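**Q** Fold the following and give me the result.
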Amino acid sequence: MPSVIPRIQAALAPTLGFLLDPEFDRLLDDPSIANFALGNPQEPPLAELVSALQAALEPRNKNWFAYKMNEEPSRRVIAEAIGPRLGVPFATADIFVTNGGFGAIASALRAVSGPGDEVIFVSPPWFFYEPLIIAMGADAVRVRLQPPAFDLDTDAIAAAITPRTSAVLINTPHNPTGRVYPPEQLRALAAALTAASQEQGRTIYLLSDEPYHRIVFDDRRFATPAAFYPATLVLYSYGKTLLSPGMRMGYIALAPGMPGAAQLRDTLFLSQVVTGWAFANADLQHALPQIELLSIDVGALERRRDRVIPALQAMGYRTELPEGTFYAMVKSPLEDDREFAHVLRRHGVLVLPGAVVEVPGWFRISLTANDEMVERGIPGFERALAEVSTRR
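**A** A predicted model of the protein is given here:
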């Protein structure tokens, strides 16, 4: 098989071009900058998280830091927590404890796809979907969601399915738009995938990337595709719920009624091994009973959303209240969103250009900017808009 590295490099070029920009890197540590660009913490970590990790570092036996895989206590903690939360009775044997969401996505893709297959993903995407699909030897097929609603387009997904389709990868709540797909859209998707699986004579798996499923607003109840489609693999990362993305622990959970579950369990285990020992570290698994109980203050995120988005709308920006995650998309007043991102930099504000996430003409903001940054940044958005308005 020809090297996939050039294709991976091409897929990652917009992301790495932004992240490795020396000016961007320099501004990240500038105390005068209001950083709305990335979902990184702008405040100290949860004290309870620190305490849980400190306690987990104290060895209890000689095997405390030995190799860890899908440890039974960890699987049980996760299954018992997410069953009531998602309204789906997950079996302990169907939980796979991974080194973050990256490990969950990579292991799941390796288990259900390979050379000659196609994996459909929705765009705008998380930065790394396409490179991870390519790395498995499969072909990435994008289905574009239309702004400003970014609804899940079941008809477009169904039209993209071919005899080579092995999986569909969706993300809800959706990064970068903050959209939470409602049950009626998930039911329609389940019906389409059921019909396509029967027509193609193979199971088309649904990979549901859900690292934000605990970060939803307005008393909204999150619906998982696993409640509607048995061939769903739920993918999760604790790094978002804890706003500690450097703590690499997540999981894969197989929906009840998964076709060929016994074989898939074996395949997932092997996938974790050959994906570079994609199991969560020992210290994180030891701390999991305490970690599973923790979350960042979602109410504070919602209040920040309700401060920033109406302020931008009042200035004349086109944007909508996100339903979940800590992101929102905003229409750029300039056609070239990268150029406008540089205008904002001159006014002390960092954002993610929409072109990086395949939505040219828009930009993404992160609500993980702390309250002081928000108050400092809002006038910067206004000054930048005033500057470019003289060009039109």
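
**Q** for the protein, what are the low-confidence residue spans?
**A** Applying pLDDT under 70 to the chain picks out residues 1-2, 392.

**Q** repeat that for 80
**A** By pLDDT under 80, the low-scoring segments of the chain are 1-2, 391-392.

**Q** domains for it, by residue range?
**A** 5-46+297-389, 58-291 (automatic domain parsing).

**Q** how far is the shortest one from where the chain is centred?
**A** In terms of CA atoms, centre = their mean, to the nearest Å, the centre of domain 5-46+297-389 is found 17 Å from the chain centre.

**Q** A52 is nearest to which of the domains of the chain?
**A** Of all the domains of the chain, it is domain 58-291 that lies closest to A52, at 3.8 Å by CB to CB. For glycine as for every other residue, the C-beta is placed from the backbone atoms N, C-alpha and C.

**Q** Could I get the buried residue list for stretch 356-367?
**A** Neighbour counts over stretch 356-367 (16 or more other CB atoms under 10 Å) mark V356, V357, E358, V359, G361, W362, F363, R364, I365, S366, L367 as buried.

**Q** Next up, the contacts around the third one.
**A** Right, the one you point to is E358. Residues in contact with E358 (CB atoms under 8 Å, 6 or more residues apart in numbering) are S123, P124, P125, R142, R144.

**Q** make it 7 Å
**A** E358 sits next to S123, P124, P125 when contact means CB atoms under 7 Å, 6 or more residues apart in numbering.

**Q** where exactly do the helices run in the stretch 1-150 of the chain?
**A** 5-19, 22-28, 47-56, 72-86, 100-112, 129-135 (DSSP state H, counting those that start in this stretch).

**Q** pull the CA atoms of the third one into CSV?
**A** Just to be clear, that refers to helix 47-56. What follows is helix 47-56, C-alpha atoms only, in CSV (Å, rounded to 0.1, in the frame of the first residue of the first chain):
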residue,chain,number,x,y,z
ALA,A,47,-9.3,20.9,43.2
GLU,A,48,-11.1,17.6,43.6
LEU,A,49,-9.4,16.3,40.4
VAL,A,50,-6.0,17.2,41.8
SER,A,51,-6.8,15.5,45.1
ALA,A,52,-8.1,12.3,43.3
LEU,A,53,-4.9,12.1,41.3
GLN,A,54,-2.7,12.7,44.3
ALA,A,55,-4.4,9.9,46.2
ALA,A,56,-4.1,7.6,43.2
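
**Q** Now do the buried residues in that helix.
**A** Buried-residue list, helix 47-56, by 16+ other CB under 10 Å: L49, A52, L53, A56.

**Q** Would you confirm that the last one contacts H286?
**A** Yes - with contacts counted by CB atoms under 7 Å, A56 reaches H286, the gap being 4.0 Å.

**Q** circling back: out of the domains of the chain, which one sits most buried?
**A** Highest mean neighbour count among the domains of the chain (mean count of other CB atoms under 10 Å): domain 58-291, with a mean of 20.

**Q** now that one: how far from the chain's centre is it?
**A** 10 Å.

**Q** what's the span of that domain, first residue to last?
**A** Length of domain 58-291, first residue to last, CA to CA, to the nearest Å: 16 Å.

**Q** do the same with stretch 241-256
**A** 24 Å.

**Q** Throw the contacts of E358 into JSON lines and include distance to I252, thanks.
**A** Output for the contacts of E358, formatted as JSON lines (distance: CB to CB, whole Å):
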{"residue": "S123", "distance to I252": "23"}
{"residue": "P124", "distance to I252": "24"}
{"residue": "P125", "distance to I252": "19"}
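
**Q** Looking at the residues you listed, which one is closest to Y327?
**A** The closest of the contacts of E358, once distances to Y327 are taken by CB to CB, is P124, at 10.3 Å.

**Q** can you redo the helices of the stretch 1-150 of the chain as TSV with distance to G246?
**A** Converted to TSV, those look like this (distance: least, CB to CB, whole Å):
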stretch	distance to G246
helix 5-19	15
helix 22-28	15
helix 47-56	12
helix 72-86	19
helix 100-112	9
helix 129-135	19
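
**Q** re the thing from before, just the contacts of E358: which are in strands?
**A** Counting by DSSP state E, the part of the contacts of E358 found in strands is S123.

**Q** ranges for the helices of the stretch 201-350 of the chain?
**A** 238-241, 261-274, 282-291, 298-315, 337-346.

**Q** Dump those helices to JSON lines, plus distance to R7.
**A** Shown next, in JSON lines, are these (distance: least, CB to CB, whole Å):
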{"stretch": "helix 238-241", "distance to R7": "27"}
{"stretch": "helix 261-274", "distance to R7": "20"}
{"stretch": "helix 282-291", "distance to R7": "33"}
{"stretch": "helix 298-315", "distance to R7": "36"}
{"stretch": "helix 337-346", "distance to R7": "23"}
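
**Q** start to end distance for stretch 211-228?
**A** 19 Å.

**Q** what sits up against it?
**A** With CB under 7 Å, 6+ apart, stretch 211-228 has contacts from 86-88, 101, 173, 175, 180, 182-183, 186-187, 189-190, 206, 208, 210, 232, 234, 236-237, 240-241, 255, 295, 298, 301-302, 305, 323-326.

**Q** That'll do, ta.
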